[in-house]
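**Q** What follows is a protein structure lacking sequence information:
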Ligand code: FNR
Ligand code: LAC
């Protein structure tokens with residue numbers, strides 16, 4: 001990142017010499033202006049032709065909200081409860097790796113924004129900042145830990161135990177990325193892969209078991225630490241049977257991120273999991289696969305009503321959040337939009353993006369005639385006429 005250019009830009013916004021971006025596409029365009037091409041492409045891009053990325057967005061267009069008039073509701077309660085903890089709004093921050101690509105303060109800037117706004121942060125296994133440092137910044141603000149199960153059980157056990165010790169209250173096991181997808185933009189950028197040069201492996205360079213696998217400490221040879229990560233990351237042999245072992249490592253709730261069918265949701269339950277996240281990783285893994293929103297009704301139908309179902313993929317506006325909640329999500333995750341906020345304005349940028357979303361969500365819920373998230377039943381939604 002060209003730090004000088006970026007901080008000048010940041011100051012410009014903070015001084016309100018120029019208006020902050022408003023719509024999500026404007027944040028994306030501003031992020032493109034401040035980021036080096038390869039960093040922008042890494043966040044903005046998806047697998048192959050990016051058909052699934054588009055499908056994630058298009059799927060929302062097929063549903064229309066049906067408001068209810070004269071309900072006399074003047075107050076809204078946008079909060080939701082998951083695993084006994086109440087959150088002020090029905091969205092969390094999705095796990096997004098390697099945030100040092102987007103801002104020097106990386107995950108720490110996001111943690112400050114999350115804490116100020118009381119929005120739960122899901123920290124990535126591929127973060128640029130260790131889980132303990134992020135936890136310290138978060139204080140008692142809520143957090144979950146996203147797990148990439150590297151092909152080494154001792155390392156994985158150590159990571160999970162550290163997350164529990166650092167106050168993360170759930171483990172989110174991502175199962176759609178047992179190997180990274182084929183992403184045209186990254187291939188075009190000389191095969192851009194931050195991990196090879198040791199970026200995005202802070203959970204591991206800070207891990208005693210991982211460090212014990214290295215000849216030289218990462219402080220002396222970061223590239224070797226990166227190469228070890230790249231060699232341990234692919235774990236295509238992982239199967240549902242392995243979950244019993246993970247369950248033994250932790251008493252925290254375990255959610256499976258990357259479920260796209262009712263069948264897999266049932267398998268998650270049968271294997272002792274406590275929740276699922278309907279997601280196709282933002283269209284970054286399999287080009288041409290089902291849109292996340294289109295997968296949601298099948299998952300919803302397959303699980304008990306009180307079984308936690310979250311969803312992400314293409315959530316950009318308040319209406320997207322509302323549609324996903326009505327179709328069965330208990331909460332959603334915001335992904336790329338807050339990263340664009342981070343790139344443009346650090347902590348303040350993230351806060352702006354989230355504030356805009358909350359304002360729009362509150363107003364839209366009011367206009368729909370709903371007093372709370374729990375009020376939003378299926379009668380508020382209809383399929384677009386063919
Ligand atoms: C991701 N995502 C992701 N997911 C995960 O479980 N662990 C991770 O480390 C990452 N890293 C990551 C990096 C970048 C740059 C992006 C854009 C995404 C996926 C993320 O959690 C979420 O599923 C998607 O971002 C949702 O799609 P949208 O709404 O951002 O388009
Ligand atoms: C990605 C990984 C880090 O999507 O999840 O790039």
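**A** The structure has been received and is ready for your questions. Not measured: the values here are computed from a predicted model. Numbering: from 1, shown residues only. Ligands and ions are numbered 1, 2, ... in the order given.
**Q** where's the spatially closest residue to residue 320 that is not a sequence neighbour, which helix or strand?
**A** Nearest non-adjacent residue to residue 320, counting by C-beta to C-beta, 6 or more residues apart in numbering: residue 60, 5.0 Å away. For glycine as for every other residue, the C-beta is placed from the backbone atoms N, C-alpha and C. Following DSSP states H and E, one finds residue 60 within helix 51-61.
**Q** Residue 182 now?
**A** Assigned by DSSP H and E, residue 182 belongs to no helix or strand.
**Q** Go ahead and confirm it touches residue 49.
**A** No - applying C-beta atoms under 8 Å, one finds residue 182 not in contact with residue 49, separated by 10.6 Å.
**Q** What parts of the stretch 151-300 of the chain come near ligand 1?
**A** 174, 257, 279, 281, 282 (C-beta under 6 Å from any ligand atom).
**Q** which residues touch whatever residue of the chain ends up closest to ligand 1?
**A** Closest approach between the chain and ligand 1, counting by C-beta to the nearest ligand atom: residue 335, at 2.3 Å. Shown in contact with residue 335 (C-beta atoms under 8 Å, 6 or more residues apart in numbering): 94, 96, 282, 312, 313, 315.
**Q** For ligand 2, what's the nearest residue on the stretch 151-300 of the chain?
**A** Closest point on the stretch 151-300 of the chain to ligand 2, by C-beta to the nearest ligand atom, is residue 284, at 4.6 Å.
**Q** if we can go back for a sec, list the ones among the residues of the stretch 151-300 of the chain next to ligand 1 that fall in strands.
**A** 174, 257 (DSSP state E).
**Q** Using PyMOL, define a selection of the buried residues within the residues of the stretch 151-300 of the chain next to ligand 1.
**A** With 16 or more other C-beta atoms under 10 Å as the criterion, this PyMOL line picks the buried residues out of these:
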select buried, resi 174+257+279+281+282
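**Q** TSV please, covering the residues of the stretch 151-300 of the chain next to ligand 1 and showing pLDDT.
**A** Shown next, in TSV, are these (pLDDT from 0 to 100):
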residue	pLDDT
174	99
257	99
279	99
281	99
282	99
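**Q** which of the residues of the stretch 151-300 of the chain next to ligand 1 are close to ligand 2?
**A** When C-beta under 6 Å from any ligand atom is applied, the members of those adjacent to ligand 2 are residue 281.
**Q** Let me know the closest of the residues of the stretch 151-300 of the chain next to ligand 1 to residue 289.
**A** Nearest to residue 289 among these, counting by C-beta to C-beta, is residue 281 at 9.5 Å.
**Q** Now for that closest one: which residues touch it?
**A** 174, 176, 177, 181, 258, 313.
**Q** Among those residues, which one has the most neighbours?
**A** Counting neighbours by other C-beta atoms under 10 Å, residue 313 comes out on top of the contacts of residue 281 with 33 neighbours.
**Q** Let me see the contact set for that residue.
**A** So residue 313 contacts 56, 278, 279, 280, 281, 282, 283, 291, 292, 293, 335 (C-beta under 8 Å, 6+ apart).
**Q** Filter those down to just the ones in helices.
**A** Using DSSP state H, the members of the contacts of residue 313 that fall within helices are 56, 292, 293.
**Q** Tell me how far residue 77 lies from ligand 2.
**A** Separation of residue 77 from ligand 2 (C-beta to the nearest ligand atom, to the nearest Å) stands at 33 Å.
**Q** wouldn't that residue be in contact with residue 366 here?
**A** No - Residue 77 is beyond contact range of residue 366, at 11.4 Å (criterion: C-beta under 8 Å).
**Q** what about residue 62, neighbour count?
**A** 13.
**Q** Just to check, it is in contact with residue 386?
**A** No - if you go by C-beta under 8 Å, residue 62 and residue 386 don't touch, sitting 9.5 Å apart.
**Q** Please work out which helix or strand belonging to this structure has the smallest mean pLDDT.
**A** Within the chain, confidence by mean pLDDT, DSSP states H and E is lowest for helix 3-14 among all helices and strands, at a mean of 61.
**Q** C-terminal to that helix, what's the next element?
**A** That would be, after helix 3-14 and using DSSP H and E, helix 24-34.
**Q** close enough to count as contact, residue 381 and residue 326?
**A** Yes - in terms of C-beta under 8 Å, residue 381 counts as a neighbour of residue 326; the distance is 4.5 Å.
**Q** So for those two, which residue has more residues nearby?
**A** residue 326 (21 against 16).
**Q** Work out which residue lies at the spatial centre of this structure.
**A** residue 94 (1.6 Å; C-alpha atoms, centre = their mean).
**Q** For that residue, grab phi and psi.
**A** Taking degrees, to the nearest 10, you get phi -60, psi 150 for the backbone angles of residue 94.
**Q** Over to the one 10 residues further on?
**A** Its backbone dihedrals place residue 104 at phi -60, psi -30, with angles given as degrees, to the nearest 10.
**Q** what does residue 121 give?
**A** Backbone torsions for residue 121, taken as degrees, to the nearest 10, come to phi -110, psi 130.
**Q** residues contacting it?
**A** 92, 93, 110, 111, 114, 134, 138, 141, 142, 143, 144.
**Q** Tell me the residues of the protein that contact ligand 2?
**A** Going by C-beta under 6 Å from any ligand atom, the residues of the chain near ligand 2 are 97, 126, 177, 281, 284.
**Q** mind redoing it with 5 Å?
**A** Taking C-beta under 5 Å from any ligand atom, the part of the chain that reaches ligand 2 is made up of 97, 126, 284.
**Q** Make CSV from the residues you listed and add pLDDT to it.
**A** Putting the residues of the chain next to ligand 2 into CSV (pLDDT from 0 to 100) gives the following:
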residue, pLDDT
97, 98
126, 98
284, 98
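**Q** could I get the contacts of residue 281 as a markdown table with distance to residue 273?
**A** Formatted as a markdown table, the contacts of residue 281 follow (distance: C-beta to C-beta, whole Å):
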| residue | distance to residue 273 |
| --- | --- |
| 174 | 13 |
| 176 | 15 |
| 177 | 17 |
| 181 | 23 |
| 258 | 12 |
| 313 | 20 |
